[in-house]
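Visitor: I'll drop the sequence and a predicted model, then ask my questions.
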Amino acid sequence: MSGPARRGRSAVSPASRGAVPSALDLDRVIRDAWITNNRVTVYLIERLPPEVWNAPALAGRQRSVRTIAAHLHNSRRSWIKTLGLPHGLKVPSPVDRGRVGRAQLIRALEVSGRGIADLLDLGLEHGGRIPPTPTYVWRNLPLDVGHVLTYFVAHEGHHRGQIVMLARQMGHRLSPEVVGGIWLWTKRSAER
């Protein structure tokens, strides 16, 4: 069992209800921030027009919107495998970057989103630091939950920006509702 049920906590936190969290709620805030980030990513993928999702990479580019979106899940999977598997966390299956369908990817993002939340919980349960593993050889990321959360959110924000830019370059500018919606974190937080 993982997340709030494992830790005996409510699935709705003070932060998601609009209350100001106390220092004692820091673990909840860390987890909620990641869950909201995941919702923002899924929100964007859900709203991509089929012609954007299915378009090949633009001339001179190596990645299409589909491959960038799939990379988000596969990257999460890699981190869960590297940092979580040795501690008993379940590793999600990878997706085929070139063939994954949108609905399949959304389901995969939900699974890997829970996996990253569980990885953050692991760190919180170990005094705020994910225990290093023998497979973590890169060592470029400090393993305190603040750095890990920030790194993962920045990574996804970078790729969400690429997706929005590629849609525009393909002549399929996303609606103001969609582009603005990726910045409405209070609204996205309430949707989860």
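Guide: Cool, got the structure.

Visitor: shaky segments in the protein?
Guide: 1-24 (pLDDT under 70).

Visitor: quick check, central residue of it?
Guide: residue 38 (4.0 Å; C-alpha atoms, centre = their mean).

Visitor: remind me what the host helix or strand of that one packs against, helices and strands.
Guide: Take DSSP states H and E as the rule and residue 38 turns out to sit in helix 26-46. On a contact count with 3 or more C-beta pairs under 8 Å, 6 or more residues apart in numbering; DSSP states H and E, helix 26-46 meets helix 102-125, helix 145-169, helix 176-181, helix 185-191. C-beta here means a position set from N, CA and C on the backbone, and glycine is covered the same way.

Visitor: try 6 Å this time
Guide: Contact analysis of helix 26-46 by 3 or more C-beta pairs under 6 Å, 6 or more residues apart in numbering; DSSP states H and E lists helix 102-125, helix 145-169, helix 185-191 as its packing neighbours.

Visitor: what residues are up against the residue nearest to the centre of the chain?
Guide: By C-beta atoms under 6 Å, 6 or more residues apart in numbering, the residues touching residue 38 are residue 113.

Visitor: hmm, try it at 10 Å
Guide: 72, 76, 109-110, 112-114, 116-117, 152-153, 156, 188, 192 (C-beta atoms under 10 Å, 6 or more residues apart in numbering).

Visitor: with residue 142 instead?
Guide: Contacts of residue 142 by C-beta under 10 Å, 6+ apart are 129, 130, 148, 150, 151.

Visitor: the third one reaches residue 116, doesn't it?
Guide: It stands for residue 148. Yes - Residue 148 lies in contact with residue 116 (C-beta atoms under 10 Å); the separation is 8.7 Å.

Visitor: what residues are shared contacts of the two?
Guide: With C-beta under 10 Å, 6+ apart, residue 148 and residue 116 have common neighbours 34, 79, 83.

Visitor: surely residue 78 meets residue 91?
Guide: Yes - assessed by C-beta under 10 Å, residue 78 is found in contact with residue 91 at 9.0 Å.

Visitor: quickly list what's touching both of these two.
Guide: By C-beta under 10 Å, 6+ apart, residue 78 and residue 91 have these common neighbours: residue 112.

Visitor: hmm, back to that, what's the angle from the helix holding residue 38 to helix 145-169?
Guide: 10 degrees (axes from the mean of the first three to the mean of the last three C-alpha atoms, to 10 degrees).

Visitor: buried residues in helix 26-46?
Guide: Neighbour-count burial for helix 26-46, counted by 16 or more other C-beta atoms under 10 Å, picks out 27-45.
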